[in-house]
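Novice: here is the input, now give the coordinates:
(one chain, ligands or ions: 1)
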Amino acid sequence: MTDRIATPLRTRAIMETYGFNFKKGYGQNFLIDSNILDNIADAAGITEDDTVLEIGPGFGALTQVLAERAKKVIALEIDNKLIPILSETLADYKNIEIINQDVLKCDIEKLAEEKNEGKPFKIVANLPYYITTPIVMELLEKKNAVQSMTVMVQKEVAERMQAGPKNGDYGALSIAVQFYFDACINMIVQPSCFMPRPKVASAVITLTLRDEPAVEVCDKALYFKLVKCAFGQRRKTLLNTLCNQGGFGLLKEEMTAVINSAGLDEKIRGEAMSLEDFAKLTEKVYEKINS
Ligand code: SAM
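Specialist: Predicted structure coming up:
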């Protein structure tokens, strides 16, 4: 095993050698605690059969730990200043491929075709916080390319992904995640484990693709439109928000009847509705607007 990159001493030495300064704009908070890295790799269940896709390798702290366990690691890094650094810090590993690219501009399904015989990746990352939600939302739709995601995010975002109904953190993100994936927070990580220290605590969450979506829906676009609408104005009742914002073209009495026929009280709020409740509502709204 080569010396760990994730120590305060080594991180400072790399910065000095290469004259590297952290870029806030790229969400560069690097891990300096190697125990956390082992825990992330454990949580991701990486084995020698896996091809891992890492987002944002930084100096290669997590990449190194993943490469010691996986068959192959592909890592996408936006910051071109890090590419020559990575080629030195990870020089001992022959199973790592670094690609200088913005993850949001990368066709992950094509990457799985090219680099993993079309099989889905296990994604592992200490995500840049400024674009956590866009990255996760993008990957949620790439079911052919994603087997699981084990990612470090702000604690508050992890709680929103895992929350269920009647919890203040529950919202459109919880449903988007839980529709296709099982969500499980593995650990909370304190700011002192990073350089520079972020202002808030972080958490590692694992999202594992379900065999089937959590609920069966007749019209997925309508389902997510209803979810977006119900959480768009959290304080309003479902009836009011669907009538005022939804653009479904139904009178209040008609919408009340539709909501009731889904087995729901029209005064219910989105935050009390389960994924199943939204599926029943979708079915009834679909029937009504297509009748
Ligand atoms: N993995 C390293 C670690 O744990 O020490 C660094 C993690 S740091 C939180 C986030 C990394 O993502 C940085 O290296 C940053 O340059 C990179 N990054 C930021 N935006 C990105 C993007 N759109 N695509 C790919 N990498 C990105």
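
Novice: all strands for the stretch 151-291 of the chain, in order.
Specialist: Under the criterion DSSP state E, counting those that start in this stretch, strands of the stretch 151-291 of the chain are mapped to 181-189, 194-195, 202-209.

Novice: so where is the stretch 1-150 of the chain shaky, pLDDT-wise?
Specialist: 1 (pLDDT under 70).

Novice: 90 instead, please
Specialist: Scanning the stretch 1-150 of the chain for pLDDT under 90 picks out 1-2, 141, 143.

Novice: check contacts around Asp169.
Specialist: Contact analysis of Asp169 by C-beta atoms under 8 Å, 6 or more residues apart in numbering lists Glu156, Glu159, Arg160, Gln162, Ala163. For every residue, glycine as well, the C-beta is placed using N, CA and C.

Novice: got a quick ChimeraX command for the buried subset of those residues?
Specialist: Typed into ChimeraX, the line below selects the buried ones among the contacts of Asp169, using 16 or more other C-beta atoms under 10 Å:
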select :159,160,162,163
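
Novice: for the contacts of Asp169, give me JSON lines that also has pLDDT.
Specialist: Converted to JSON lines, those look like this (pLDDT from 0 to 100):
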{"residue": "Glu156", "pLDDT": "97"}
{"residue": "Glu159", "pLDDT": "98"}
{"residue": "Arg160", "pLDDT": "98"}
{"residue": "Gln162", "pLDDT": "98"}
{"residue": "Ala163", "pLDDT": "98"}
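
Novice: and for the residue in the stretch 51-200 of the chain that the ligand sits nearest to, the neighbour number?
Specialist: Going by C-beta to the nearest ligand atom, the ligand is nearest to Gly56 of the stretch 51-200 of the chain, at 2.0 Å. Gly56 has 23 neighbours, counted by other C-beta atoms under 10 Å.

Novice: neighbours around Ala41, how many?
Specialist: Using other C-beta under 10 Å, Ala41 is surrounded by 19 other residues.

Novice: for the stretch 51-200 of the chain, what lies in contact range of the ligand?
Specialist: For the stretch 51-200 of the chain, the residues in contact with the ligand (C-beta under 6 Å from any ligand atom) are 55-58, 61-62, 76-79, 82, 102-104, 126, 128, 131.
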